[in-house]
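A.B. asks: Predicted model and sequence follow; I will ask about them next.
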Amino acid sequence: MGHRPDEAFAIRGPLSARARMLSAAVVPAVILVTWFALTSGASPFVQPDFLPSPTGTLKGFFELYFDYQLLSAIKTSAIRILIAFGLSAAVALPLGIAMGAFTPIQSALDPVFAPLRYMPITAFIPLLILWFGIYEQQKIAFLFLGTFVFLLPVVVTAVKSVPEELVQTALTLGAGRWQVIRTVLIPHAMPEIFDSFRVMNAIAWTYVILAEMVNSREGIGYTMRLAETHHKPAWAFAGLAVIAVIGLATDWAIRFSSRLLFRWREAT
């Protein structure tokens, strides 16, 4: 049985799978049809130099794929993101757990790390160039910084949000401080931390474009810069579409992994 319009638009109201799929397809379809209408035909309303047509964007994609090694560029960017994100997690996880578990540590380190969240990461590019040069280390450092400043407070918040009664119960049963951290705080906080990886993934694919604008000869950011130097808007749109697809695919992979790793959470 379908929902009446007033029921469908109820606050946090349920939506059937069919209605969900239909509503998700409407807006993209309208945008695509409008895009075709504005850019296609003998006399397009919008010139290709300003907004390429969908077919022109598809042609640009194949040009990048066959002539400019698009797959290799994607691989290079993905490796940079994986390395930077791995380093970010290796630092943020233990540091955030310590800050969330021990108030003195959080009190001592908050004045150092809290302001970083409000600083534009792009402003660090000149400093990172000064410290790491203009090659691979600078790009990894930029991506590390861009993800670390967002991941650390998430870890701290996730650890501090563990119900106090769980901690006290473990202490009452004789668990030591490190045992409470290992058996209570970390397992309870990990689902929320893992979910935050979806946001970190989006941030990383956003920042990799900026990182690869500096003296890069490979990567998706360099491919996007080719669109500017060759005055090819279709290449830029094709690159944006590729990044969007990659972002959606990796986001789905993280969500799927979360369901596999934390099945107990859905049962509670």
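C.D. replies: Yep, that arrived. Numbers count the residues shown, from 1 in each chain.
A.B. asks: residue ranges with poor pLDDT in the stretch 151-268 of the chain?
C.D. replies: 264-268 (pLDDT under 70).
A.B. asks: let's see it at 50
C.D. replies: 268 (pLDDT under 50).
A.B. asks: Show me what counts as buried in the helix or strand hosting Ala73.
C.D. replies: Applying DSSP states H and E as the criterion places Ala73 in helix 70-101. Of all the residues in helix 70-101, those buried under the rule 16 or more other CB atoms under 10 Å are 70, 73-74, 76-78, 80-81, 84-85, 87-89, 92-93, 95-101. For every residue, glycine as well, the C-beta is placed using N, CA and C.
A.B. asks: Over to stretch 127-141?
C.D. replies: Judged by neighbour count (16+ other CB under 10 Å), stretch 127-141 contains these buried residues: 128-129, 138-141.
A.B. asks: So what touches it?
C.D. replies: For stretch 127-141, contacts defined as CB atoms under 8 Å, 6 or more residues apart in numbering pick out 80, 83-84, 87, 142, 145, 208, 211-212, 214-216, 219.
A.B. asks: Could you identify the most distant pair in these?
C.D. replies: Within these, Leu87 and Asn215 form the most distant pair, 21.1 Å apart (CB to CB).
A.B. asks: And the helices in the stretch 1-150 of the chain, which stretches?
C.D. replies: 5-8, 17-39, 54-67, 70-101, 103-113, 125-132, 136-160 (DSSP state H, counting those that start in this stretch).
A.B. asks: Worst mean pLDDT among the ones you listed?
C.D. replies: With a mean of 58, helix 5-8 has the lowest mean pLDDT of these.
A.B. asks: Could you check stretch 207-217 and say which residues are buried?
C.D. replies: Residues 207-214, 216 are the ones in stretch 207-217 that count as buried (16+ other CB under 10 Å).
A.B. asks: same question, stretch 106-117
C.D. replies: With burial defined by 16+ other CB under 10 Å, the residues of stretch 106-117 counted as buried are 106, 109, 113.
A.B. asks: Who are the contact partners of the last one?
C.D. replies: It refers to Phe113. Shown here is Phe113, whose contacts under the criterion CB under 8 Å, 6+ apart are 149, 152-153.
A.B. asks: Dump the residues you listed to a markdown table, plus distance to Trp252 and neighbour count.
C.D. replies: Converted to a markdown table, the contacts of Phe113 look like this (distance: CB to CB, whole Å; neighbours: other CB atoms under 10 Å):
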| residue | distance to Trp252 | neighbour count |
| --- | --- | --- |
| Val149 | 25 | 21 |
| Leu152 | 25 | 22 |
| Pro153 | 25 | 19 |
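A.B. asks: just the residues you listed now: which is nearest Trp35?
C.D. replies: Using CB to CB, the shortest approach to Trp35 within these belongs to Val149, at 36.2 Å.
A.B. asks: Do I have it right that the closest one meets Arg117?
C.D. replies: Yes: at 5.5 Å, Val149 counts as touching Arg117 under the criterion of CB atoms under 8 Å.
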